[in-house]
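J.: With the input below, show me the fold.
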Amino acid sequence: DATPAMARQLLAAAADGAARLRTELGPLPTDDVNLYIYADTQAMADAILFEPQWTGGMAFSEFRTIILGISEQDLEWGLNAVEHELAHVIVGNLVSACYARLPTWLSEGLAMVAEGGLDVESQRLLDEALREDAFYPVRALSDGFTEDPGRASLAYAQSYSLVTYLLETDGQDPMLALLDAAQAGYRADDALATVYGFDTDGLDQAGFVASGLIYDATLR
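T.: All right, here's what the predicted structure looks like:
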């Protein structure tokens, strides 16, 4: 249902998102990806089952396919969404073994990196959670996100802060090693401990540090 003009803008956004991910992770697979556009989020929701009501897009990495519900009025959101979902396809093909599984915070955090960072509202939620000590425990972000839209937005923002912290503190190679460990079948705790020296619980303190860094950068 996308017009030619919308399709061109979505394609350009996808290329931008892939470029951001390459900046953080290095060379990435360049396989073709199929993108299907529904008329709006409701039309997409009618076509899928068992997903949160706030879902506006989905990636099926094993089929290199993305579906999005985008009306012309939602195009600005759609440009971010196509970057986000393409990142899921790319990362999903890096970690593709049938026994491999990424914690949700890592998968979604990398997808948020591809989007280019946090929007104003997500940044506000992160800042508020930092001030009020209201972050999720990292383990709560490891196996899906809440269906509550506001709390889900915080989960995405916190995931972005965690991934950004790991990338800014230790760089590209350990992040690639973490993905390789997942591909090799390591569970999240073992993968983190092997690469970074701490497990999922150890990321809780890092989460406060990460969010504080983003908060300080915003103030500057």
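J.: What pLDDT does the model give Asp119?
T.: Asp119 is assigned 90 on the pLDDT scale.
J.: give the contact list for it.
T.: Residues near Asp119 by CB atoms under 8 Å, 6 or more residues apart in numbering: Asn80. Backbone N, C-alpha and C define where each C-beta goes, glycine included.
J.: Quick one: the helices in this protein, in order.
T.: In the chain, the helices defined using DSSP state H lie at 4-25, 41-47, 75-94, 104-115, 120-132, 149-170, 172-183, 188-196, 202-219.
J.: Nearest to Phe60 among the ones you listed would be which one?
T.: helix 75-94 (7.8 Å; CB to CB).
J.: so how many other residues sit close to Asp143?
T.: 11 (other CB atoms under 10 Å).
J.: so how far is Thr200 from it?
T.: To Thr200, Asp143 is 11 Å away according to CB to CB, to the nearest Å.
J.: what residues are shared contacts of the two?
T.: Listed as contacting both Asp143 and Thr200 by CB under 8 Å, 6+ apart are Pro103.
J.: circling back: looking at the helices of the chain, which has the lowest confidence?
T.: Of all these, helix 202-219 carries the lowest average pLDDT, namely a mean of 56.
J.: Please identify the most buried of the helices of the chain.
T.: Comparing those by mean neighbour count (mean count of other CB atoms under 10 Å), helix 104-115 ranks first with a mean of 25.
J.: got the CA coordinates for that helix in CSV?
T.: C-alpha atoms of helix 104-115 as CSV (Å, rounded to 0.1, in the frame of the first residue of the first chain):
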residue,chain,number,x,y,z
THR,A,104,15.5,-8.9,24.3
TRP,A,105,17.5,-5.9,25.6
LEU,A,106,20.4,-6.7,23.3
SER,A,107,18.3,-7.3,20.2
GLU,A,108,16.1,-4.2,20.8
GLY,A,109,19.1,-2.1,21.9
LEU,A,110,20.9,-2.8,18.7
ALA,A,111,17.8,-2.0,16.7
MET,A,112,17.5,1.3,18.6
VAL,A,113,21.1,2.1,17.6
ALA,A,114,20.1,1.6,14.0
GLU,A,115,17.3,4.1,14.5
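J.: Which other helices and strands does that helix contact?
T.: helix 4-25, helix 75-94, helix 149-170 (3 or more CB pairs under 8 Å, 6 or more residues apart in numbering; DSSP states H and E).
J.: Put together CSV for the ones you listed, with distance to Gly57 on each row.
T.: Below are these laid out as CSV (distance: least, CB to CB, whole Å):
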stretch, distance to Gly57
helix 4-25, 11
helix 75-94, 5
helix 149-170, 13
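J.: quick one, which of these is nearest to Asp189?
T.: Using CB to CB, those put helix 149-170 closest to Asp189, at 14.8 Å.
J.: between that closest one and helix 104-115, what angle do the directions make?
T.: With axes from the mean of the first three to the mean of the last three CA atoms, to 10 degrees applied, the angle from helix 149-170 to helix 104-115 works out at 80 degrees.
J.: Please name every helix or strand in contact with helix 149-170.
T.: helix 104-115, helix 120-132, helix 172-183, helix 202-219.
J.: Those: which one's closest to Met6?
T.: helix 104-115 (18.1 Å).
J.: Many thanks, have a good one.
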